[in-house]
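# With the sequence up front, the predicted model follows.
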Amino acid sequence: VQLQACGGGLVQPGGSLRLSCAASGFTLDDYSIGWFRQAPGKEREGVSSISFGDGGIYYGDSVKGRFTVSGDNAKNTVYLQMNSLKPEDTAVYYCNAWRPVVGGSVDYWGQGTQVTVSS
């Protein structure tokens, strides 16, 4: 069971990146998938999420209108398209898969991918 996040890199302000979160060993259809980020010295922040079950989508206020989350069931992968990037978007980005189970919940985390926005 594994989540693999990738797609980070160095980009200039105003640029774009697309992050991918690929699952192996389980099906993302059953989960809510969240993107989080953590910058040095700051707390982890929820960026976006998508639920294949009910189609629910969430964006944090700081990324609304710039980031788009989507999923590809056939590839068992969720994407985060990030446009109009700003220096304050610099962080390590993580994906998380979560679903409730009797008595609690199950969740998995990807290893994180670094996004650096700088000129």
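It's in. Since we're looking at a predicted model, the values are computed, not measured.
# show me the contacts for the residue nearest the centre of the chain.
For the chain, the residue lying nearest the average C-alpha position, counting by C-alpha atoms, centre = their mean, turns out to be residue 35 (2.6 Å). Contact criterion C-beta atoms under 8 Å, 6 or more residues apart in numbering gives 19, 21, 46-49, 69, 78, 80, 93-96 as the residues in contact with residue 35. C-betas here are computed from N, CA, C, even on glycine.
# Is it possible to mark the buried ones in these?
19, 21, 47-49, 69, 78, 80, 93-96 (16 or more other C-beta atoms under 10 Å).
# for these, which one is nearest residue 117?
Closest to residue 117 out of the buried ones among the contacts of residue 35 is residue 93 (11.7 Å), distances taken as C-beta to C-beta.
# thought residue 67 was touching residue 47?
Yes. Counting by C-beta atoms under 8 Å, residue 67 sits close enough to residue 47 to count as a contact (6.7 Å).
# Now do the buried residues in stretch 23-33.
By neighbour count on 16+ other C-beta under 10 Å, the buried set for stretch 23-33 is 23, 26, 28, 31-33.
# Apologies, that question was intended for stretch 36-53.
Neighbour-count burial for stretch 36-53 [16+ other C-beta under 10 Å]: 36-37, 47-52.
# Residues contacting it, please?
Outside stretch 36-53, the residues within contact range by C-beta under 8 Å, 6+ apart are 28-35, 56-60, 62-63, 67, 69-71, 73, 78, 80, 88-96, 115.
# which strand is the longest one in this protein?
Assignment by DSSP state E gives strand 91-101 as the longest strand of the chain.
# what's that one packed up against?
Contact partners of strand 91-101 among helices and strands, from 3 or more C-beta pairs under 8 Å, 6 or more residues apart in numbering; DSSP states H and E: strand 2-6, strand 17-24, strand 32-38, strand 77-82, strand 104-109, strand 113-117.
# follow-up on the earlier one: quick check: the farthest pair among the buried residues of stretch 36-53?
Put simply, by C-beta to C-beta the two of those set farthest apart are 37 and 52, 21.7 Å from each other.
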